[in-house]
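[1] Got a sequence here, can you build the structure:
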Amino acid sequence: MAATVTIDASALRRAVRHIVLAGGSNEREAALVADNLVLANLSGHDSHGVGMLPAYILAVVEKRLKINAAPAVLADHGAILNLDGNMGYGQVIGHDAMELGIRRARETGVCIVSLRNSHHIGRIGHWGEQCAAAGLLSTHYVNVVGRTPLVAPHGGSDARFATNPYCCAIPATEPDGEPVVLDMATSKIAMGKVRVAMNKGEQVAPDTLIDAKGTPTTEPRTMFDAPTGAILAFGGHKGYGLAVIAELLAGAFTGGVTMHEGSWASGTITNNMFSVIVDPAKLGGGETWRREVAAFVDYVKASPPSPQNDAPGSNGVLVAGEPERQMRRARLAAGIPVDATTWGEIVRAGESVGIAASETHAAAGI
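    Numbers count the residues shown, from 1 in each chain. As a prediction, this is how the structure comes out:
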């Protein structure tokens, strides 16, 4: 097989859905998982795309991920919802949790959604986009437990927490406009991007990883071979500080678990998320925020391009969310590249639930 296969988005979605169904999921769950993973690839975030499927299917087979689960409402305090994800597919748990929060925010003006105990909820920007599509602004803090730590604290030399993502989404100012969606790991790169680099046989950028001795390295295998190294936090003490806040808000205040000795014993990916969803019409005025958001975005993007950013294909000033939308247009037209190692892992995941390799290839049009 070629080093990279390029697969049409609809065909890749069909192949993923077929495998998830074979794992015992119902039609709705399989569709939500497939749509979510493929959209991550379309957005350029291969770290959170179909490459996660093998880990999910293994968790299903080992009964660490519960199929066809739904979030349970543990407590309803009006503007605060306490939910348990029952270790279900995060693509379903996250979707349903945000739908509950969106409905409540429309009633009360604001809803804090406290979600604990979900299997991996994927690209957090997906949930910000869901809220923004409903005309609501939102902010999300996530921590990760169940696996060994991944990220070193600022000034430390070994991993003590995970990539702890943060997201904030601002709805579009016009019906046909686009939202502003900041979605980022608090580490320099997401763990999935380390996996993607390893599968492609590439090195990561300098000043991103340290090995088990605390020495800088560009070798992605340092995060997979024992003794493992660590990813660095972005922005030094600033990214580290935000990671700590995400850990505490998501892990402690949701009723979930924070990262500490022994809390990763399950060996699977468990996410907790602290979300605040707000109806902007209940704030400073329905027209004011639209006017001011649009004016600010236009003003920022009018900055002349930096002479240091004159590489071919440079787009000048962009706001958060635009790179993903540009990538979606490109990959919808040209297809989604999947490296051969990752594709092989997906095929073997299908085989583990009774789907022959030929069936997966056929579903993907390969």
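
[2] buried residues in the least confident helix or strand in the chain by mean pLDDT?
    When the helices and strands of the chain are compared on mean pLDDT, DSSP states H and E, helix 191-200 comes out lowest with a mean of 89. Within helix 191-200, the residues scored as buried using 16 or more other CB atoms under 10 Å are 191-200. Using the backbone N, CA and C atoms, a C-beta is placed for each residue, glycine as well.

[3] Could you do stretch 199-210 as well?
    Buried residues in stretch 199-210, defined by neighbour count with 16+ other CB under 10 Å: 199-200, 204, 208-210.

[4] Give me the number of neighbouring residues for residue 175.
    6 (other CB atoms under 10 Å).

[5] got it, and residue 315?
    Residue 315: 11 surrounding residues under other CB under 10 Å.

[6] Where does pLDDT dip in the chain?
    Applying pLDDT under 70 to the chain flags residues 1-2, 264-266, 309-314.

[7] can you do 90?
    For the chain, the stretches flagged by pLDDT under 90 are 1-3, 146-148, 175-176, 190-193, 195-196, 199-200, 260-269, 283-288, 305-316, 366.

[8] Could you look up the SS state of the residue nearest the centre of it?
    For the chain, the residue nearest the mean C-alpha position is residue 123 (1.6 Å; CA atoms, centre = their mean). Of the three states, residue 123 takes coil under DSSP: H, G, I helix; E, B strand; the rest coil.

[9] so it touches residue 45, yeah?
    Yes - in this structure residue 123 lies within contact range of residue 45 using CB atoms under 8 Å: 5.5 Å.

[10] Remind me which helix or strand the residue nearest to residue 366 when sequence neighbours are not counted belongs to.
    Leaving aside its sequence neighbours, residue 366 sits nearest to residue 5 (CB to CB, 6 or more residues apart in numbering; 6.0 Å). Per DSSP states H and E: residue 5 is located in strand 4-7.

[11] Show me which residues of the helix or strand following that strand are buried.
    Moving toward the C-terminus from strand 4-7, the first helix or strand encountered (DSSP H and E) is helix 9-22. Neighbour-count burial for helix 9-22, counted by 16+ other CB under 10 Å, picks out 9, 11-22.

[12] Could the C-alpha coordinates of the helix or strand harbouring residue 182 be exported in CSV?
    Following DSSP H and E, one finds residue 182 within strand 180-184. Taking Å, rounded to 0.1, in the frame of the first residue of the first chain, the C-alpha atoms of strand 180-184 are listed here in CSV:
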residue,chain,number,x,y,z
VAL,A,180,-14.9,32.3,16.1
VAL,A,181,-13.8,29.0,17.6
LEU,A,182,-10.6,28.8,19.7
ASP,A,183,-9.8,25.2,20.4
MET,A,184,-6.5,24.1,21.7
